[in-house]
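Trainee: can't give you the sequence, but here's the structure:
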C-alpha cells in the first residue's frame, strides 16, 4: 500500500473481506479526524420491525469512529476499539444510514470519537443514534502480521 | 404464535428475516431473565485481523440483552434497546462467540441487562467483551403492526 | 413554587440542601433543552493530582443533563437519571468547570442529553470531558412526596 | 511511602485532601483486583429526594474501579479513569452505599473494572447501581510531580 494516503488506506481496509465489506459499508467523506460512512438497507441487516438492527448501527458507528481516529494518528498507527456506547434515539427506518464520526481526542495511546448516525429516507434526514467510542492506537503492519493480538 | 411460551417466541423472533437470522445467531439457553446466544465465525462477520467484528459482537450482545429482559417481562411486552455499552476485553479470535445476558432490572418501563461475551476455540473459553444495555418495554403486537415506531 | 417558570424551578431545586448546593453548582445559562452549570474549584472537590475529581465532574454533567431534559419536558414532569457515561478527555485542572448540556431526545418516557464539560483557567477554555445521559420522565410533585421512589 | 504495600497505599491516597476524603469514602475490603469502598449518608451528598446524588454514587464507583485496577498493576503504576458508565437501578435511599469493584482486564495500558453499588439500610442490602470503567495505567510518582498531566 506504499504511496497511498490515509484516506485511500481506509477504503482499502473496508474493501477487505469481512463485515464492513459484506454489509456494504462505504466511505462518503473523509478527512483527518472526520469520517462519514454509509450503509444501504438490505433485508439481512434489519431487526423484527424491518428497521436497521441495533448491532448493524453500532457496527457502522464503530467503523466510522475507528476511521476518524485512525486518520488523525501518525502514519503506521491504527485505532482499535476499546469500548463503544450508543444511544438509539429514533427508528432507523430509512433507506440508508450514515455515520458521521469526529475525533475529540487523539493522544499517544487513547483516542475518543463521537458519532451521529442519520437515518435517511428520500432525502429527509433524522438522527437515529448517537455514539461515543474509546480507541487505542496500535502499530498497523505489526498487528496485521500477528492475528493473535487485537 | 398463540400457545407458545416466551422461549419459543424468542426462537421465532430470531428466525424472522433480518440480521439475527442472516448472521446465524442461535439460542443456546434461555430462562426468564437469562438468555445465552451463540454465533459461529464466518468470513463476512470479521474485521481486518480476521476476528469477529466489533459491530457483530455488539449485535449479539444487544440481541441477548433484549431477550433476557423480554423473557422477564409480562406477556405481550417486548424490550427494545435504549442504549448499549460494550467493552472489548480481548481478541474475539475463536470459532464462535457466546453472549450470556442476565437481567439486572426489569421494571414497568425500564430494563437493564449485563452481558458477558465469550470467545470459544476448541473448547477453551475466554471473556472477550462485556456489555450493559438499557431497554424499554413496549407492547409487542401493537409495535409489530406499526413499523414507524421503534 | 406556583407561578415560577421552569428555569426558576431549576435554580430552586439546586438551592435545596444536597450535593448540588453543597458542592457549589450554579446555573450559568438555561433555556428549554439547553442548560449550562458551573462549579468553582475547592480543595474538597479534587483528586490526588489536585484536579477536579472524576465523580464531581460526572455529578455536574449529570445535573446539567437532567436540567436540560427537564426544561424541555411538559410542566409537572422532571427527568431522573437512568444512566450516564462520561469520557475524561484532558485534565480538569482549571479554576472552574462548566457543563454544557443539550437534550437530543425528549420523548414521553425517555430523554437523552449530551454534555460537554469545559475546564476554564484565566479565561482559557478546554474540553475536559464529554458525557451522554439517558433520563426517565417522572411526575414531579408526586415523586417529591414519595421518598421511596427514585 | 516506602515499605508500604498497595493496600496501605490505597488508604493513604484516599486520606489525601480532596473529594474522596471530604465525602468520607473508606476502604471496606481490598485485595489485588478487588476493592470495596463505603460512604455514609450525609445531607451534602444527597439529591432532591434525599437519596445519594448520582454524581456521588458515580464518584464512589469511579474511586473503587480505579483502586481495583491499581491494586492489580505492577508497583509504581496507578490507574486513571478514561471513562465510566453507570446505570442507576433503584433508589440509593439507604444509610450507606458500598461500591464493590472487580478488575476484568489489567493489561499494559488498559484496565477495565465492573462495579456493583449496594444501598444498605439497617443491614438490608439492595443493588442500586452498576458501573463499568475503563482505566489507563500511568507511572505513579512521575505523575504526582507533574500536575499538568492527568
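Mentor: Structure received. What you are looking at is a predicted structure, and each value in this text was computed from that prediction instead of being measured.
Trainee: C-alpha from now on. contacts and neighbour counts both.
Mentor: Noted.
Trainee: any weak-confidence spans in chain A?
Mentor: Scanning chain A for pLDDT under 70 picks out the ranges A:1-4, A:141-150.
Trainee: which secondary structure elements does the longest helix that it contains contact?
Mentor: In chain A, with assignment by DSSP state H, the single longest helix is helix A:54-70. The contact analysis (3 or more C-alpha pairs under 8 Å, 6 or more residues apart in numbering or on different chains; DSSP states H and E) places helix A:54-70 against strand A:34-40, strand A:77-88, strand A:96-106, strand A:110-121, strand A:124-139, helix B:54-70.
Trainee: could these go into JSON lines alongside distance to residue C:47?
Mentor: Below are the helices and strands packed on helix A:54-70 laid out as JSON lines (distance: least, C-alpha to C-alpha, whole Å):
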{"stretch": "strand A:34-40", "distance to residue C:47": "33"}
{"stretch": "strand A:77-88", "distance to residue C:47": "25"}
{"stretch": "strand A:96-106", "distance to residue C:47": "22"}
{"stretch": "strand A:110-121", "distance to residue C:47": "21"}
{"stretch": "strand A:124-139", "distance to residue C:47": "23"}
{"stretch": "helix B:54-70", "distance to residue C:47": "34"}
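Trainee: now do the buried residues in stretch A:75-94.
Mentor: Buried residues in stretch A:75-94, counted by 16 or more other C-alpha atoms under 10 Å in any protein chain shown: A:77-94.
Trainee: what's the burial count for residue A:16?
Mentor: Neighbours of residue A:16 under the rule other C-alpha atoms under 10 Å in any protein chain shown: 14.
Trainee: wait, it touches residue B:48, no?
Mentor: Yes: assessed by C-alpha atoms under 8 Å, residue A:16 is found in contact with residue B:48 at 6.8 Å.
Trainee: coming back round to it: near chain B, which of the buried residues of stretch A:75-94 show up?
Mentor: Checking the buried residues of stretch A:75-94 against chain B by C-alpha under 8 Å from any C-alpha of the partner chain, the ones in range are A:81-91, A:93.
Trainee: contact residues of chain A facing chain C?
Mentor: Near chain C, when you scan chain A using C-alpha under 8 Å from any C-alpha, you find A:89, A:104-105, A:112.
Trainee: the helix or strand harbouring residue A:13 and chain B in contact?
Mentor: If you go by DSSP states H and E, residue A:13 is part of helix A:6-15. Yes: contact between helix A:6-15 and chain B, assessed by C-alpha under 8 Å from any C-alpha, occurs at residue A:13.
Trainee: just checking, what packs against that helix?
Mentor: Using 3+ C-alpha pairs under 8 Å, 6+ apart: helix A:6-15 touches helix A:19-23, strand A:26-31.
Trainee: tabulate the ones you listed (CSV), appending mean neighbour count and distance to residue C:7.
Mentor: As requested, these are arranged in CSV below (neighbours: other C-alpha atoms under 10 Å in any protein chain shown; distance: least, C-alpha to C-alpha, whole Å):
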stretch, mean neighbour count, distance to residue C:7
helix A:19-23, 21, 46
strand A:26-31, 16, 40
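Trainee: generate CSV for the ones you listed, with distance to chain D as supplementary columns.
Mentor: Converted to CSV, the helices and strands packed on helix A:6-15 look like this (distance: least, C-alpha to the nearest C-alpha, whole Å):
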stretch, distance to chain D
helix A:19-23, 26
strand A:26-31, 26
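Trainee: among these, which is nearest chain B?
Mentor: helix A:19-23 (4.6 Å; C-alpha to the nearest C-alpha).
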